[in-house]
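1. This is a predicted model, with the sequence first.
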Amino acid sequence: MENKAHAFWAGAFTLGLLAVIAFAVVFFSADHTVRVPYDLISRSNVTGLYPDAAVRYRGLDVGKVQSIKFDPSHPGQIRIRVLVDQKAPMTRSTFGTLALQGVTGIAFVQLDDNGLDLSPLPSSAKHVAQIPLRPGLLDQLQRRGDALLRKLDSIAGDLDEMLNEDNRKQIMAAVSSVQQAASSVNAVALQLGPATQHLPAAVDDLRKTLQSTNQLVTNLNRPDGPFQTNLNKAGTAAAQAGQSLSSIDASIQQLSARVGYDTLPRVDSLTDDVRSAMRSVDKAAGTFSRSPNSLLFGGAPRPAPGPGEPGFAWPAGAGAGASAGAGGK
């Protein structure tokens, strides 16, 4: 009996320990993060995306994909339900894209924000918020693949046309011309060889000339050099000439003062005398023209006395008329 009781309690302890271990494993492995549902709306391919795929916000794991299905209200539109950690900064400018995990071909959802509207985007199980799913790199390459192929086809056609028979002949002719030009350059270089041998001597002569020129400039700049001495002499001569000019200017001013204060008054007096003599000559000429006999008998005739002067006498006719006039009164 004791052995049976011991075995029973050992079995019960083992079962309880296994239950505790299973509960601990389930408890610690369970995800206790509170997640909020969001719907990603896509109008492009979602190749490589599966449920339980990772959802990352700028590279950080913030959730997982819950379901992928078509939107019954919008044909051709895909609705991807994701569960995102409530602590993730979901805003009204948040958007999603599909990215690939290495070379496995398995895609995951990459969330990002352009910062245009930083107001929070609330969501709940009853009112699930929608986030746009923008085309990824592969979708953009697929959309632009046709245009790229057309451009490559056009480039290939242009290359084919450029490398036709006539153009190839012209290219070969150009290559031949370049080769001939290179040969000509080599010939010119060979001809210039003897001339280049004389360059060191020419450089030495030029160096000597520069040294002579430098020495000449140094001599010219010396204060006691001949150039400075001649310049000093020229300056002294110019100063003396300036003093002579100053003396001449003073003499001219003195002469002008003498002419103004001494000579001009005498000239004015002489002019008055000449004018008086001319009036006398004019008067004598008038007298001679009135009585030429005055030149022989001397003296000019005196004018007849006028009325009231001594010796005045009325003419005969004039006196009778004057007496008659006096009697009538």
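-> Cool, got the structure. Since this is a predicted model, take the numbers as computed values, not measurements.
2. Check which helices and strands the helix or strand hosting residue 146 sits against.
-> Under the criterion of DSSP states H and E, residue 146 resides in helix 137-162. Counting contacts by 3 or more CB pairs under 8 Å, 6 or more residues apart in numbering; DSSP states H and E, helix 137-162 is packed against strand 94-100. C-beta here means a position set from N, CA and C on the backbone, and glycine is covered the same way.
3. buried sites along the strand it packs on?
-> 94, 96-100 (16 or more other CB atoms under 10 Å).
4. Excluding covalently adjacent residues, which one is nearest to residue 115?
-> What sits nearest to residue 115 in space, not counting adjacent residues and going by CB to CB, 6 or more residues apart in numbering, is residue 93, at 6.3 Å.
5. What residues does the one you found make contact with?
-> Neighbouring residues of residue 93 by CB atoms under 8 Å, 6 or more residues apart in numbering: 113-118.
6. Could you let me know which of these ends up closest to residue 219?
-> Nearest to residue 219 among the contacts of residue 93, counting by CB to CB, is residue 115 at 77.1 Å.
7. and the closest one, how many residues sit next to it?
-> For residue 115, the count of nearby residues is 9 (other CB atoms under 10 Å).
8. try the one 5 residues further on
-> The tally of other residues near residue 120 (other CB under 10 Å) stands at 10.
9. what's the distance between it and residue 233?
-> 98 Å (CB to CB, to the nearest Å).
10. From residue 82, how far out is residue 44?
-> Note on residue 44: its distance to residue 82, by CB to CB, is 17 Å.
11. between these two, who's got more neighbours?
-> residue 82 (26 against 16).
12. how big is the angle separating the helix or strand harbouring the more buried one from strand 94-100?
-> Taking DSSP H and E as the criterion, residue 82 maps to strand 78-85. Interaxial angle, strand 78-85 versus strand 94-100 (axes from the mean of the first three to the mean of the last three CA atoms, to 10 degrees): 100 degrees.
13. Alpha carbons of strand 78-85, in CSV - could you do that?
-> Provided in CSV are the C-alpha atoms of strand 78-85 (Å, rounded to 0.1, in the frame of the first residue of the first chain):
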residue,chain,number,x,y,z
ILE,A,78,-7.5,44.8,-52.3
ARG,A,79,-8.1,45.3,-48.6
ILE,A,80,-5.2,44.3,-46.3
ARG,A,81,-6.1,44.2,-42.6
VAL,A,82,-3.0,44.8,-40.4
LEU,A,83,-2.7,44.9,-36.6
VAL,A,84,-0.5,47.8,-35.5
ASP,A,85,0.8,48.5,-32.0
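14. Just the buried residues of that strand, please?
-> Here strand 78-85 shows 78-80, 82-85 as buried, counting by 16+ other CB under 10 Å.
15. Count residues in the vicinity of residue 67, would you?
-> Neighbour tally, residue 67, other CB under 10 Å: 13.
16. wait, what's in contact with it?
-> 51, 80-81.
17. Out of the residues you listed, which comes closest to residue 203?
-> Proximity of these to residue 203 (CB to CB) peaks at residue 80, which lies at 81.9 Å.
18. can I see the domain layout of the chain?
-> Here the domain assignment for the chain is 1-30, 32-143, based on automatic domain parsing.
19. tell me the mean pLDDT over the first one?
-> Averaging the model's pLDDT scores along domain 1-30 yields 74.
20. how close does residue 55 sit to residue 87?
-> 13 Å.
21. Out of those two, name the residue with the larger neighbour count.
-> Between residue 55 and residue 87, counted using other CB under 10 Å, the more crowded position is residue 55 (25 against 11).
22. Shouldn't the more buried one be within a strand?
-> Yes - counting by DSSP: H, G, I helix; E, B strand; the rest coil, residue 55 falls inside a strand.
23. per-residue confidence averaged over the one helix or strand residue 188 maps to?
-> Assigned by DSSP H and E, residue 188 falls within helix 165-197. Here helix 165-197 scores 81 as its mean pLDDT.
24. quick one: it to helix 137-162, angle?
-> Using the same axes, to 10 degrees: helix 165-197 against helix 137-162 is 80 degrees.
25. please begin residue numbering at 45 from this point
-> New numbering, starting at 45: the last item is helix 209-241.
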